[in-house]
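K.L.:
Just the structure for this:
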Amino acid sequence: MSYSGVMPTARSRAMVRETRHLLFTVSPGALWIFIFLVLPSAYLMGVAFMTNGPYGLPQMPLSLASFERLAGFGFLGWSPGNFYTLLRSLWQTLVSTGLVVVVAYPIAYYITTCREKWRPILLLAVVVPSWTNQVIRTFGWMNLLAPGTPLSGLAESLGLVAPNMGLYPSNFAVTLGLVYNFLPFMVLPLYGAFEKLDTAQVEAAQDLYASPVRAFWHAVFPQTLPGLLAGIVLVAIPAFGMYVIPELLGGGKGMMLGNLVANQFSGGANWPLGAAGAILMLLATFLGLYVMRRLGKRLGGGEEVVI
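P.N.:
Model (predicted):
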């Protein structure tokens, strides 16, 4: 008796079940991404190429005027205001990400050296502040850095700020707020990388009389690179478009690209310009991801680091 006609049918039924299972598990997430990410992005792309109408609402015809305004070209010629905002956003992102890396590395390493029963508690201590609303935490920093507080008094005694001025509002307050807000997003990936650290390589570097810096660079850094790159992505991309922290701690002195975009949908009343700024942030996100993947492949010895 031949089963040649039965086997393909059983195999096809199994494939159908696997396909249905895959669609059942993937469809909710894919639908969520399509509705709340793809459609809004497509809408912003359409608005960005429209003309600014009455009350800031987009209207036809299609135009590149919003991108020209974003580049600084207006009725009176070129103005560097938006260009300075972009440079300030890049600078704040680079400085904040660098400081987060410097602070997160020893914290993540220290947690991995503690007893195993203490590690979840220490990780929880790092993560718990992020459970509080970001606006509330930012208001807390406003109170800590305001004139008359101990931190501001210490800065005045050291001659860092003028009397009765305080550390808030300032670019320093914005940087401090960004570092505090995104520190957990760097500590957790680095902690995961340190847990997989091969200590034999570190011991070998020490046996070869390598200095602490060279031992870290040749034995520790390559092994923690995946966690570092993942942390940079989690920190730098949202920091570049941050709105709440520059708005509250900057006091109008540290406007970033996120504030510029938000203002166009509210007080500035120029939706096409705001949409053009949002598209610029999306392009910066894709460019940052591409650079990180290429950098990870280069520093990882030819093996591409998954981000």
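K.L.:
ranges for the helices of the chain?
P.N.:
With helices called from DSSP state H, the chain shows them at 7-33, 39-48, 65-70, 81-113, 119-127, 134-145, 150-157, 171-195, 199-207, 212-215, 221-240, 244-249, 257-264, 271-299.
K.L.:
would you list the ones you listed in JSON lines and tack on distance to Asn164?
P.N.:
Just so you know, the C-beta spots here come from the backbone N, C-alpha and C atoms, and that holds for glycine as well. Formatted as JSON lines, the helices of the chain follow (distance: least, C-beta to C-beta, whole Å):
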{"stretch": "helix 7-33", "distance to Asn164": "50"}
{"stretch": "helix 39-48", "distance to Asn164": "44"}
{"stretch": "helix 65-70", "distance to Asn164": "38"}
{"stretch": "helix 81-113", "distance to Asn164": "26"}
{"stretch": "helix 119-127", "distance to Asn164": "35"}
{"stretch": "helix 134-145", "distance to Asn164": "13"}
{"stretch": "helix 150-157", "distance to Asn164": "8"}
{"stretch": "helix 171-195", "distance to Asn164": "16"}
{"stretch": "helix 199-207", "distance to Asn164": "50"}
{"stretch": "helix 212-215", "distance to Asn164": "43"}
{"stretch": "helix 221-240", "distance to Asn164": "31"}
{"stretch": "helix 244-249", "distance to Asn164": "18"}
{"stretch": "helix 257-264", "distance to Asn164": "27"}
{"stretch": "helix 271-299", "distance to Asn164": "36"}
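K.L.:
Those helices into CSV, with extra columns for distance to Tyr55 and mean pLDDT?
P.N.:
Listed next are the helices of the chain as CSV, based on distance: least, C-beta to C-beta, whole Å; pLDDT from 0 to 100:
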stretch, distance to Tyr55, mean pLDDT
helix 7-33, 32, 80
helix 39-48, 14, 90
helix 65-70, 16, 86
helix 81-113, 22, 92
helix 119-127, 43, 93
helix 134-145, 28, 92
helix 150-157, 42, 88
helix 171-195, 31, 93
helix 199-207, 63, 87
helix 212-215, 59, 88
helix 221-240, 29, 91
helix 244-249, 23, 91
helix 257-264, 12, 88
helix 271-299, 9, 85
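K.L.:
For Gly56, which of the ones you listed is the nearest?
P.N.:
Shortest distance between Gly56 and the helices of the chain, using C-beta to C-beta, is found for helix 271-299: 5.4 Å.
K.L.:
got a markdown table for the helices of the chain, with distance to Met165 and mean neighbour count too?
P.N.:
A markdown table is the format used below for the helices of the chain (distance: least, C-beta to C-beta, whole Å; neighbours: other C-beta atoms under 10 Å):
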| stretch | distance to Met165 | mean neighbour count |
| --- | --- | --- |
| helix 7-33 | 46 | 10 |
| helix 39-48 | 39 | 15 |
| helix 65-70 | 33 | 20 |
| helix 81-113 | 21 | 18 |
| helix 119-127 | 32 | 14 |
| helix 134-145 | 11 | 15 |
| helix 150-157 | 8 | 14 |
| helix 171-195 | 12 | 22 |
| helix 199-207 | 47 | 13 |
| helix 212-215 | 39 | 12 |
| helix 221-240 | 26 | 21 |
| helix 244-249 | 14 | 24 |
| helix 257-264 | 22 | 22 |
| helix 271-299 | 31 | 18 |
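K.L.:
for the ones you listed, which one sits closest to Gln59?
P.N.:
That would be helix 271-299 among these, by C-beta to C-beta, at 9.1 Å.
K.L.:
what's that closest one packed up against?
P.N.:
Counting contacts by 3 or more C-beta pairs under 8 Å, 6 or more residues apart in numbering; DSSP states H and E, helix 271-299 packs against helix 39-48, strand 50-52, strand 58-62, helix 65-70, helix 221-240, helix 257-264.
K.L.:
Quick one: closest of the ones you listed to Asp207.
P.N.:
Across those, Asp207 has its closest neighbour in helix 221-240 (17.4 Å, C-beta to C-beta).
K.L.:
circling back to that earlier point, of the helices of the chain, which is nearest Pro54?
P.N.:
Smallest distance to Pro54 across the helices of the chain (C-beta to C-beta): 11.4 Å, for helix 271-299.
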